[in-house]
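just coords:
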């Protein structure tokens, strides 16, 4: 039996946003590895071992997947959203780099609906023109890098999507982000807070940067900031395809 | 009968990358509207009218969808990839803005797997850290805006994904893009050309910016440029989760 690792995106939450490719991989799997709430989305069955693990052990989890596959297991590493966007795909390749004996492992990345695209769809089309995706967590990068990226994105007049905007351990980061954005983009720019998109808890809130406050975001929120042309039409928010 | 418009993403090409949400909307539809090759992906059946149209008539197509829905039709406007990323969602909202009588139309955007995420998955995880998506077509924006966005994205050390990199009518744009990138990022930066991802014609080619030539891209290619830390491991290309 030849083992493999599939790093799969489960989408933002609702089951009809999981691709058939991912569903098929889960059906073939012997082992599911991932963060506790994502593994909880997989139905238990005979012959399938679930390996839920806590947050911030991504490299251990990745190495575990590679070890199991080397022993013949068919391993699906689950992420929410898309595994290549602030999720487990990079962690698995980091683990391969640190453990070159796994370089020949059969690894596939199975894309998924990432949170910003589900959030944009729920709001209208705020990412309809050039945009950036920025992870506001400073666990793995210095704040100075985040600040520079925010300013460059604003000066390029990109729309922006923010992942991990705010955590209990560092509530000040998102307040700094809002201040930088007001300085660079003014107070009239539209900002959408999209919480728990596609789940029963979904909540959308679009305000101006002048009205935005840090407590509008939590760790289940994706934040989308428009470009200079982003506007409302009816209950929707959209960015036109042309520049102005 | 109450009409509606669903703007749906068919993903990059392979059928197992179409979400069940989109499949269900197509099954309920009375009318399918879209660019000829995307409408061709929908199986004909009794009670379903297909309305294929040519490129560059996006606003006409959007208005047609709104008119049909006002008469009770259940209309799916199809895009490839995700409808909110350089596709039909913004065009529909532009049409609503120009024709306020359609403001109350029931419009839903159904997300899909956009080309850059499928391309990144096929290559490894080159978008595993902060990144930008830029449409290099200058049909709807001046070249000066594209150039500024390229430079700001480079100075923010974002990875970048380019849509519509090169067309027969403006082959010089992508050559200028490569020159700007070499100036801003140096010649060692990795660049991946991902053509026709998820289709039988899929072809991946990763080279350095120094080795890249304009003819490596065509209109079926998504181009991904790494950030300063993007590297190869085995046959994969990935961007680590940390800054360096």
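Received the coordinates, thanks. Just so it is clear, the model here is predicted, and its values are computed rather than measured.

neighbours around residue A:175, how many?
Using other CB atoms under 10 Å in any protein chain shown, residue A:175 has 13 neighbouring residues. C-beta: built from backbone N, CA, C; applies to glycine.

Tell me if I'm right that it and residue A:214 touch.
Yes. Residue A:175 is within contact range of residue A:214, at 4.5 Å (criterion: CB atoms under 8 Å).

Which segments of chain A make up each domain?
Described in terms of automatic domain parsing, the domain architecture of chain A consists of the residue ranges A:4-113, A:116-238.

Show me the one of the ones you listed that comes nearest residue B:242.
The closest of the domains of chain A to residue B:242 is domain A:116-238. By CB to CB, the value is 4.3 Å.

Per-residue confidence at residue A:77, what does it come out as?
According to the model's per-residue confidence, residue A:77 sits at a pLDDT of 98.

no wait, residue A:1
On pLDDT, residue A:1 comes in at 65.

Residue A:56 now?
So residue A:56 comes in at 81 (pLDDT).

likewise residue A:170?
In this prediction, residue A:170 carries a pLDDT score of 73.

Could you list which residues are in contact with the closest residue to it other than its chain neighbours?
The shortest distance from residue A:170 to any residue that is not its chain neighbour, by CB to CB, 6 or more residues apart in numbering or on different chains, is 6.5 Å, and that residue is residue A:138. Residue A:138 makes contacts with A:146, A:170, A:173, as judged by CB atoms under 8 Å, 6 or more residues apart in numbering or on different chains.

Columns neighbour count, distance to residue B:104 and secondary structure on top of these, output as TSV?
Below are the contacts of residue A:138 laid out as TSV (neighbours: other CB atoms under 10 Å in any protein chain shown; distance: CB to CB, whole Å; DSSP: H, G, I helix; E, B strand; the rest coil):
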residue	neighbour count	distance to residue B:104	secondary structure
A:146	22	40	helix
A:170	15	42	coil
A:173	19	40	helix
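
what stretches of chain A score poorly on pLDDT?
With pLDDT under 70 as the threshold, chain A has low-confidence stretches at A:1, A:244.

same thing but 90
Applying pLDDT under 90 to chain A flags the ranges A:1-2, A:55-56, A:137-142, A:166-173, A:219, A:242-244.

And the helices in it, which stretches?
Under the criterion DSSP state H, helices of chain A are mapped to A:20-28, A:36-39, A:58-70, A:88-98, A:115-123, A:143-155, A:172-185.

circling back: between the domains of chain A, which gets nearest to residue B:10?
Between residue B:10 and those, the tightest spacing by CB to CB is seen for domain A:4-113, at 11.8 Å.

re earlier: residue A:109: which of the helices of chain A is closest?
The closest approach between residue A:109 and any of the helices of chain A, judged by CB to CB, belongs to helix A:88-98 at 5.0 Å.

Could I get the buried residue list for the closest one?
A:88-97 (16 or more other CB atoms under 10 Å in any protein chain shown).

In TSV: the contacts of residue A:138, plus distance to residue B:26.
Putting the contacts of residue A:138 into TSV (distance: CB to CB, whole Å) gives the following:
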residue	distance to residue B:26
A:146	41
A:170	44
A:173	42
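
List just the nearest of those residues to residue A:184.
Sorting the contacts of residue A:138 by how near they are to residue A:184, with CB to CB, puts residue A:146 at the top with 13.5 Å.

Was I right to think that closest one contacts residue A:140?
No. Contact criterion CB under 8 Å: residue A:146 and residue A:140 do not qualify, at 10.8 Å.

In JSON lines, list the domains of chain A along with distance to residue B:186.
Shown next, in JSON lines, are the domains of chain A (distance: least, CB to CB, whole Å):
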{"stretch": "domain A:4-113", "distance to residue B:186": "22"}
{"stretch": "domain A:116-238", "distance to residue B:186": "18"}
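
Kindly state which of those domains is positioned closest to residue B:200.
The closest of the domains of chain A to residue B:200 is domain A:4-113. By CB to CB, the value is 15.7 Å.

Distance from that closest one to the middle of the chain?
15 Å (CA atoms, centre = their mean, to the nearest Å).

Tell me which of the helices of chain A sits most buried.
Most buried of these, by mean neighbour count (mean count of other CB atoms under 10 Å in any protein chain shown): helix A:115-123, with a mean of 28.

what about that one, near chain B?
Yes. Using CB under 8 Å from any CB of the partner chain, helix A:115-123 comes into contact with chain B via A:117-118, A:120-122.

What of stretch A:228-238?
Yes. Judged by CB under 8 Å from any CB, stretch A:228-238 and chain B are in contact via A:231, A:233-234, A:236, A:238.

List of residues touching that stretch?
Everything outside stretch A:228-238 that qualifies as a contact, by CB under 8 Å, 6+ apart, is A:123-126, A:128-129, A:157, A:159, A:185, A:189-190, A:192, A:206, A:226, A:239-240, A:242-244, B:89-90, B:93-94, B:96-97, B:103-104, B:107.

of all the residues of stretch A:228-238 next to chain B, which two lie farthest apart?
Taking CB to CB as the measure, those reach their widest spread between A:231 and A:234, a distance of 11.0 Å.

quick one on the thing from earlier: from the contacts of stretch A:228-238, list just the buried residues.
Neighbour counting over the contacts of stretch A:228-238 (16+ other CB under 10 Å) leaves A:123-126, A:128-129, A:157, A:159, A:185, A:189-190, A:192, A:206, A:226, A:239-240, A:243, B:89-90, B:93-94, B:96-97, B:107 as the buried ones.
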